[in-house]
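A.B. asks: model this:
(2 chains)
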Protein chains: 2
Amino acid sequence: MPSVRLAMAQTNPVVGDISGNLAQTIAIVDEAVLNGANLVVFGEMNLTGYPIEDLAARMSFIEAAEAAVTQLAEVLQAPKYLNIAVVVGHPSKATKSNGWSLAQNSATAIVSGKIIGRYSKHHLPNYSVFDEFRNFVPGDSLLTFEFQGLRFSTLICEDIWQSGGPVAELKDAATDVALILNGSPFEVSKTDARLKLVQELSKRHSCASAYVNLVGGQDDLVFDGNSFFIDQDGNVIARARQFDSDLTYVDISDGTFISISPSARKISDSIPEQDNRDEFAEIWGALVLGLRDYVEKNAFSSVVLGLSGGIDSAVCAVLASDAIGPDRVFGVSMPSKYSSGHSRSDAQDLAERIGCHYRTEAIEGMVDSFESQLRLDGLASENLQARMRGVILMALSNTEGHLTLTTGNKTELAVGYSTIYGDSVGGFAPIKDVEKSLVWKLAEWRNAKALEMGLTPPIPENSITKPPSAELRPDQLDQDSLPEYELLDRLLDAYVERRLGRDQLIAEGFEATIVDRIIALVDRAEWKRRQGAIGPKITGMAFGRDRRLPITNKFR
Amino acid sequence: MPSVRLAMAQTNPVVGDISGNLAQTIAIVDEAVLNGANLVVFGEMNLTGYPIEDLAARMSFIEAAEAAVTQLAEVLQAPKYLNIAVVVGHPSKATKSNGWSLAQNSATAIVSGKIIGRYSKHHLPNYSVFDEFRNFVPGDSLLTFEFQGLRFSTLICEDIWQSGGPVAELKDAATDVALILNGSPFEVSKTDARLKLVQELSKRHSCASAYVNLVGGQDDLVFDGNSFFIDQDGNVIARARQFDSDLTYVDISDGTFISISPSARKISDSIPEQDNRDEFAEIWGALVLGLRDYVEKNAFSSVVLGLSGGIDSAVCAVLASDAIGPDRVFGVSMPSKYSSGHSRSDAQDLAERIGCHYRTEAIEGMVDSFESQLRLDGLASENLQARMRGVILMALSNTEGHLTLTTGNKTELAVGYSTIYGDSVGGFAPIKDVEKSLVWKLAEWRNAKALEMGLTPPIPENSITKPPSAELRPDQLDQDSLPEYELLDRLLDAYVERRLGRDQLIAEGFEATIVDRIIALVDRAEWKRRQGAIGPKITGMAFGRDRRLPITNKFR
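C.D. replies: Got it, this is the predicted structure:
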């Protein structure tokens, strides 16, 4: 009989649904106990969901979170939880305000229904998408507790990414196992970074580490789960699923750690090792989860989107179909007089392949009635067509209750190659952080995946191979007004993600005229991006709260 | 002959226009020197504009700012600047990165063209609209320099709002005059707070204080100027203009301070004392400046807006006319079959009173062509009308180059009483932070002001007195679906600005059913607000970066 069976509870809480999250927490503890666990550790702020943003400054919210902790402790006083330890994450009332924030980002340890200690996050990330220095008062001491003859220390997320602070105290505290509660959002290749970091940490401080992450979409963030357990020599003992809830068990006895997988659960170590992971599969998984959770957590019955026959709307439709099933996806073809024959047939072909709802609403009559009254041409006429389509989608959303998806990709958003209040309308943008070159690669990957599984590739080949066009005037092609996407995406990566200036871009080999044109486009489109829908972040620099720039800005 | 003639340079820089701001700085120094000044102090980050947000993380930007300081020092090496001291604000390269930020928020003192010292802001505000802990590395020491036998210490904005840090060193440094560079945005009644704070500070640390603020609109912030000089006994020696650039002089000799006003400038002390200030005049001034600077700094030739005959669009049109002149304001009446006769006549009356451009574009034909194809009714039909108007305004913007103004007020934004991609379209929202009750008061104030000056009141009396209606269905009134605005605004103030929870709201005397309904409306409208235009902040809690809440949020 091992002294401790640790359960790493990788859950998907809903921000603000404190009673729901509490019920979920209790249910998971019950399942873990049923499987013989006596220590259950959850992710960061699992009781309230994460990130709570400025809810941290609402006293009624913090008090509700504190009440949930008390209630949980009361539940855990029942005899069946005797000698059961539970560590949960939640915001707590700060004893001292920093003048704005009244809360801390905390973890509470409960043993046999008794609260035995609380830890508050020391390092508050305030970069990228994080505003924790805004929202929280930092904690200042490590929590170490003894349980079944072993010593456990709690840490929260960013604490392990900084060498000073509580991490430095792990060894002095004679920590056997560090319990690390995380709310770490997905980014391409971040999984590797987390693993390496914790391996180093475990070796340096001579302790094992249970890294428990949240899973699930929350607005523009996707928590990918992927929790793991590392022993004091840096060996990976157990790994949880990516993009799904999981409960992963490790038996701890006499300094040895054994991963066990009760039959009730899918075996955690069936997940391939990181090195063998497929980057496109990871990205696809993140996009699907982000979209699914936005739909489900906001209680939408279905989604509607325009199907142009192009690659972006095709990928979005397949993502939606993978996320919530094709019967909840409503595609609309909205041809104009400039629409090619293939744009209609490719859209219909796509809808048939995935089995989603499909209808056609021609915009010509509406466009004509507008144009004749307002005498529009040129850009105004192009924008008008996109806006008519936006009005149709929003009318269907109003009438039938769908969430409208906007299908713009990151490259378009960057250079403002879209019509505000036109193709940009919608509550969620599934591929907002996916550059155009990657959209194609994902489409090919998804089709290949289907073939591999003996299924019909969902995306019509023609949508992948034809030259991209907005079809807002005769024979229009994207490349009439933009550089080739491959070049453009490299330039945007350098300017947006790597934040290089004009001279550095030219020094990297980009042509000065192209640099000047593209920089100007990106900067001028800031006001449009500011009014854009949210969508799942998958890169190190997503548009949105990851990149906060003034609209009024003359720096080039 | 006084030993020091101090010039407080209250300038209006443009964010990112480093060469333009540098030229402005040199021109102001020249004017001050011509008027006998030998010490010229500017506002926070006057060389780059403020706030620069994530431009702080772009190395090319920080280097350009540093180069501007060097260039300024070179210019000031000319013989005519001998014994002239200049203190300018700018971001500087941090010697140590905090892992994200590479910059500090600095002030550099230059005497006779020689850089004699640099101070970096110690307290970095990271609450409300500020993200300075994100963007900057804090400084850690006071800069005190001797000039003409007096000792000057520099501080930057937030530093004086916190009792610890550099402020505590003022006395030990034997400071005669604290030079405080500020980028302090306007908020109702904040002027008083600043003044009292600096009076206390001056008395406590036995030094005089030159409080130099920026002036001008920058996206959603309005810097109101209002710089002042306080002696060591807390007396107000000089005050600069509010909402306009100014150059205010104080002669310092033998511990006495005398405000002087060279003939070249409007006399600063003609500004009424704070106690006599008119709150409505202040708010109006802030809204006008915010709108004007958004238009001018982004180089728009003109604005377009829908004129419904209602109070919101009337107030926006008058603000625009006051900001940039009526000949640059284009009003459009867009009647539907539900529009009352007075909505057209009131709109036309308004346009005639202010002398702006005016045209009528009926939406009935376009709405019919849509409704017949899509078979819409109810909310979808109401939204359709608003969206047709949005499409018209954006078409006019595309064709004629106007900035589109959206005329929603804060109360509507709060409860989501607007149509996204409909009446919400536009790049700037002039009364976004003005609650409905205040819109009426401002209208009455503005009309009274006109009468006082012997001019025609710009806003038709009928627009002020008639019951508010969106006119999207027959005989519709706002109060059919919302509580009386006076009650609603009090409730919203308690929920949004004071961040009270449900129980606290009920304890304050609001009816539970109304509380539940309004809270739900506010929370559900978060996604719409997220996609809304920016507009000038005038309260302590504006929608936008002042209030950051999750969209996916089940807390009620």
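A.B. asks: surely residue A:331 is within a helix?
C.D. replies: No. Counting by DSSP: H, G, I helix; E, B strand; the rest coil, residue A:331 is not part of a helix but strand.
A.B. asks: helix or strand for residue A:237, which one?
C.D. replies: Assigned by DSSP states H and E, residue A:237 belongs to strand A:236-239.
A.B. asks: likewise residue A:105?
C.D. replies: Assigned by DSSP H and E, residue A:105 belongs to strand A:103-111.
A.B. asks: tell me how far the longest helix seen in chain A is from the chain's mean position?
C.D. replies: Using DSSP state H to define each element, chain A has its longest helix at helix A:378-400. Taking CA atoms, centre = their mean, to the nearest Å, one finds helix A:378-400 lying 28 Å from the centre of the chain it belongs to.
A.B. asks: show the subsequent helix or strand relative to that helix.
C.D. replies: Next in sequence after helix A:378-400, counting helices and strands by DSSP H and E, comes strand A:403-404.
A.B. asks: that following strand near chain B at all?
C.D. replies: No. Strand A:403-404 lies apart from chain B when judged by CB under 8 Å from any CB of the partner chain; the minimum separation is 9.8 Å. For every residue, glycine as well, the C-beta is placed using N, CA and C.
A.B. asks: just say helix, strand or coil for residue A:124.
C.D. replies: When the rule is three-state DSSP, residue A:124 gets the label coil.
A.B. asks: mind checking how far it is from residue B:122?
C.D. replies: 19 Å (CB to CB, to the nearest Å).
A.B. asks: what about those two, which has more around it?
C.D. replies: Neighbours per residue (other CB atoms under 10 Å in any protein chain shown) separate residue A:124 from residue B:122, with residue A:124 holding more: 25 against 22.
A.B. asks: which neighbouring elements make contact with the longest helix of chain A?
C.D. replies: Packing partners of helix A:378-400 (3 or more CB pairs under 8 Å, 6 or more residues apart in numbering or on different chains; DSSP states H and E): strand A:303-306, strand A:329-333, helix A:364-374, strand A:403-404, helix B:364-374, helix B:378-400.
A.B. asks: so what are the sheet partners of the strand holding residue A:237 and their directions?
C.D. replies: Strand pairing for strand A:236-239, using DSSP bridges, gives strand A:228-230 (antiparallel).
A.B. asks: circling back: so how far is the strand holding residue A:105 from its chain's centroid?
C.D. replies: In terms of CA atoms, centre = their mean, the centre of strand A:103-111 is found 24 Å from the chain centre.
A.B. asks: right, and the helix or strand after that strand?
C.D. replies: Next along the chain after strand A:103-111, taking DSSP H and E as the criterion, comes strand A:114-120.
A.B. asks: from the chain's centre, how far out does whichever helix or strand comes after that next one sit?
C.D. replies: Using DSSP H and E, the helix or strand that follows strand A:114-120 towards the C-terminus is helix A:132-135. What separates the centre of helix A:132-135 from the centre of its chain is 20 Å, taken as CA atoms, centre = their mean.
A.B. asks: do stretch A:289-302 and chain B meet?
C.D. replies: Yes. Counting by CB under 8 Å from any CB, chain B is contacted by stretch A:289-302 at A:293, A:294, A:297, A:298.
A.B. asks: the first one: neighbour count?
C.D. replies: Yep, that's residue A:293 we're talking about. Using other CB under 10 Å, residue A:293 is surrounded by 23 other residues.
A.B. asks: disregarding residues adjacent in the polypeptide, which is nearest to it?
C.D. replies: residue A:217 (3.1 Å; CB to CB, 6 or more residues apart in numbering or on different chains).
A.B. asks: what helices and strands are in contact with the host helix or strand of the one you found?
C.D. replies: According to DSSP H and E, residue A:217 maps onto strand A:215-218. Using 3+ CB pairs under 8 Å, 6+ apart, the elements in contact with strand A:215-218 are strand A:221-224, helix A:279-297.
A.B. asks: okay if I get the ones you listed as JSON lines plus mean pLDDT and distance to residue A:483?
C.D. replies: Below are these laid out as JSON lines (pLDDT from 0 to 100; distance: least, CB to CB, whole Å):
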{"stretch": "strand A:221-224", "mean pLDDT": "98", "distance to residue A:483": "30"}
{"stretch": "helix A:279-297", "mean pLDDT": "97", "distance to residue A:483": "24"}
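A.B. asks: run through chain A and note the low-pLDDT ranges.
C.D. replies: For chain A, the stretches with pLDDT under 70 are A:1-2, A:98-99, A:261-277.
A.B. asks: give me the domain ranges for it.
C.D. replies: Chain A resolves into domains spanning A:4-260, A:279-480 when parsed by automatic domain parsing.
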